Structures are given as structure tokens and as C-alpha cells.
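Would you be able to build a 3D model of this:
(one chain, ligands or ions: 2)
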Amino acid sequence: MLSSPSRSADVVSGEAAVTRLSNQRAATPSCRAWGIAFTLSIGTLLLMCSPASFAADGEKLFAPCVACHGNKGEGNGALSAPAIAGQDAAYLERQLRNFRNRRRGADKSDALVAQMQAAAMALGDDAAVAKIATYVAKLPKTVNTAPAPGNLHNGNNLYQGKCGACHGGTAEGNPALKAPRLAGLDAAYIKRQFAQFRDGVRGTDPQDTPGRQMAMMAKTLGTERDLDDIIAFIHRQGRPK
Ligand code: HEC
Ligand code: HEC
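Numbers count the residues shown, from 1 in each chain. Ligands and ions are numbered 1, 2, ... in the order given. Next comes the predicted model:
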């Protein structure tokens, strides 16, 4: 179609026609030149519009999520729905896929996971998953409104010794290591996920390499008290100083 050797010449003459038009009102370019100019401008329009429509799709897809995750993706502790705003897009996409193929939540008795699996299935296809992950990742990050109490000194030491290498010094996450941001998550959610990793509920699928890494780590923590202190430290991060 447009792959003939004359293509570049056509394009040039199209541009020339546009320039000529703006410079000399009296000029009447051929229909062919008009056609090419028109095609070029539609192409430019499409290029400009596609990221915008991608974002608009993401916003539409997000509508059913707000009932549980909140308008801004800030989470809702009463519904056990975690904060997701500003989380790394690749992490979000992986979790949504994991819910969809039951890599996350093979145990059907877990009502919370079942809810989320249903929401993830309703997204339709992989393209929708990618769009919503991109959209949610761009929402402004939130911090926990009810910081957990605990021994910050112990929490800081344990966090830096056992968690920070992957999740980042201020719990901001490290996409290169596939480790998510923890700073915005509420205490109950962190504890539940931690227990699931430790007890072989999450991160057991042989293909779930990031989950398996985390599951190994979760087995190394001494006591629940230590986890409380770590969470207290995590909740101090990402706040306005
Ligand atoms: C009926 C309530 C409900 C709805 C609707 C819902 N979620 Fe969830 N979501 C949850 C719960 C509960 C969890 C925690 C599941 C668990 O404990 O593993 C969760 C977890 C998640 C996670 C994992 C977060 C993490 O840090 O690993 C993501 C991502 C997520 N939801 C995205 C979405 C998106 C996107 C939508 C809309 C398409 C949505 N959710 C709709 C309740 C819901
Ligand atoms: C070797 C790297 C590594 C270390 C060390 C590590 N994690 Fe993780 N963690 C991960 C990865 C990777 C994931 C994402 C797993 C997935 O994709 O399901 C994760 C996930 C989590 C989650 C789930 C977050 C969510 O949104 O659902 C929690 C909670 C968590 N880690 C807490 C901790 C704590 C607390 C420590 C320290 C005691 C720790 N991690 C140490 C790599 C690590």
C-alpha cells in the first residue's frame, strides 16, 4: 500500500502542500496532496490520543474496585481491602494475574481471596489487566491513617536486617526485585499476608518465583511481637515529616 518507493516523496509533497496552504491562501493543492495531508494529521491525532484513551479505559475499569478499595485506592480496613494506590504497576499486574489463574489463593475457603478473584476475573482480558494496573500505579500513594504501635527501635533493626534489602530502606518497594511497597498497607493486611506466606498459603506455586522468595523470608521471623514492631516501623515511612 504505502510501502512503495514513492512513499517518502508523497509524504514530503504532503507536508509541502500543508506549508504551501498556510503560506499562500490562493494555492489549490491536488486532491492527492490533501488526502496525504489528511492521513498524516489523523495519524498524528491517533498517536496523541492513544495514551489518553488508555488512561480513560483504566479509570472506567477502576469503577467497580472503589466499593472495596476506596475512591483513591486508599484501601478499606473494615472490608480487609488493602491500599493499592501508587503500587508498582508490574506488581499490580502480577497479582491480578495470580488471582485470575488462582496462583494466589488456591485455597477456596479464603473468602477474602475469593472476592478478589471474582473481581479480577470480571476484568475480562490481559489488556484490561494491564490498563488497570497502569491506572492504579499512577494514583497518588497513600499512607496508613492508623499507624500501628510497637517498639520502633526493634522494628527498625529487624526491618533493616530482614526486609529492607528487598522492600527498600523506607518500605517504598523495589520494582527491580519485584518487592512491593509496604508503606501504605494496614497492619491487619500485612499480618494476614505474612502469615499466608509463612504457612504455605501464598507463594507456593512453583512458577511464582517472587512469592516463593517472600515465603522463604517469612519463615525466618521469630515472633508475632517482632512483626508488630516491624509494622510500627513500616507505618512511620512515607509520612510527611
Ligand atoms: C468485594 C471487594 C473487592 C473488590 C470489588 C475488589 N477488590 Fe481487590 N482486594 C479485595 C481484598 C479483600 C483483597 C485482599 C485479598 C487477600 O487477602 O489476599 C484485595 C486485593 C487486591 C490486590 C492485591 C494487593 C496487594 O498488595 O497484593 C489488588 C492488586 C487488587 N485487590 C486490585 C483490585 C482491582 C483492580 C479491583 C477492581 C477491578 C478490585 N481489586 C476489586 C477486595 C476487593
Ligand atoms: C528476598 C527479598 C525479600 C525479603 C528479604 C522480604 N521480602 Fe517481602 N516480598 C518480597 C517479594 C518479591 C514480594 C512479592 C511477592 C509476590 O509477588 O506475591 C513480597 C511481598 C511481601 C508482602 C505482601 C505485600 C502485599 O502487598 O501483599 C509483605 C507483607 C511482605 N513482603 C513483608 C515483608 C517483611 C515484613 C519482610 C521482612 C521480615 C520481608 N517482606 C522481606 C521479597 C522480599
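
tell me the contacts of the spatially most central residue of the chain?
Geometric centre of the chain, nearest residue: Ala89, 2.6 Å, by C-alpha atoms, centre = their mean. Ala89 sits next to Ala133, Thr134, Val136, Ala137 when contact means C-beta atoms under 8 Å, 6 or more residues apart in numbering. Every residue, glycine included, has its C-beta placed from N, CA and C.

State the three-state secondary structure for the closest residue to it other than its chain neighbours.
Among residues not flanking Ala89 along the chain, Ala137 sits closest, at 3.7 Å (C-beta to C-beta, 6 or more residues apart in numbering). Following DSSP: H, G, I helix; E, B strand; the rest coil, we place Ala137 in the helix state.

close enough to count as contact, Ala137 and Gln95?
No - here Ala137 does not reach Gln95: they are 11.9 Å apart, not a contact under C-beta atoms under 8 Å.

any idea how far the residue nearest to the centre of the chain is from ligand 2?
13 Å (C-beta to the nearest ligand atom, to the nearest Å).

which bits of the protein sit near ligand 2?
The chain comes close to ligand 2 at residues 94, 162-163, 165-167, 177-180, 182, 185, 190, 193-194, 210-211, 213-214, 217, 221, 230, as judged by C-beta under 6 Å from any ligand atom.

and if we set it to 5 Å?
162-163, 166, 178-180, 190, 193, 210-211, 213-214, 217 (C-beta under 5 Å from any ligand atom).

Can you pick out the ones from these that are in helices?
Of the residues of the chain next to ligand 2, the ones assigned to helices by DSSP state H are Lys162, Cys166, Ile190, Gln193, Pro210, Gly211, Gln213, Met214, Met217.

Of those, which is the nearest to ligand 1?
Gln193 (6.6 Å; C-beta to the nearest ligand atom).

quick one, phi/psi of the nearest residue in space to that closest one that is not next to it in sequence?
The spatial neighbour of Gln193 that comes closest, neighbours along the chain excluded (C-beta to C-beta, 6+ apart), is Arg202 at 6.6 Å. Arg202 has phi and psi values of phi -110, psi 140 when expressed as degrees, to the nearest 10.

residues touching Arg202, list them.
Here Arg202 is in contact with Arg104, Gly105, Gln193, Gln196, Gly211, Met214, Ala215 (criterion: C-beta under 8 Å, 6+ apart).

Kindly recompute the last result at 10 Å.
Neighbour list for Arg202: 98, 103-107, 110, 113, 192-196, 208, 211-212, 214-215, 218 [criterion: C-beta atoms under 10 Å, 6 or more residues apart in numbering].

can you check Asn157 too?
Residues in contact with Asn157 (C-beta under 10 Å, 6+ apart) are Asn151, Asp226, Asp229, Ile230, Phe233.

mind checking which helix or strand the last one is in?
Using DSSP states H and E, the secondary-structure element containing Phe233 is helix 224-235.

taking the mean pLDDT, what do you get for that helix?
Averaged over helix 224-235, pLDDT sits at 96.

which helices and strands does it pack with?
helix 152-162, helix 187-198 (3 or more C-beta pairs under 10 Å, 6 or more residues apart in numbering; DSSP states H and E).
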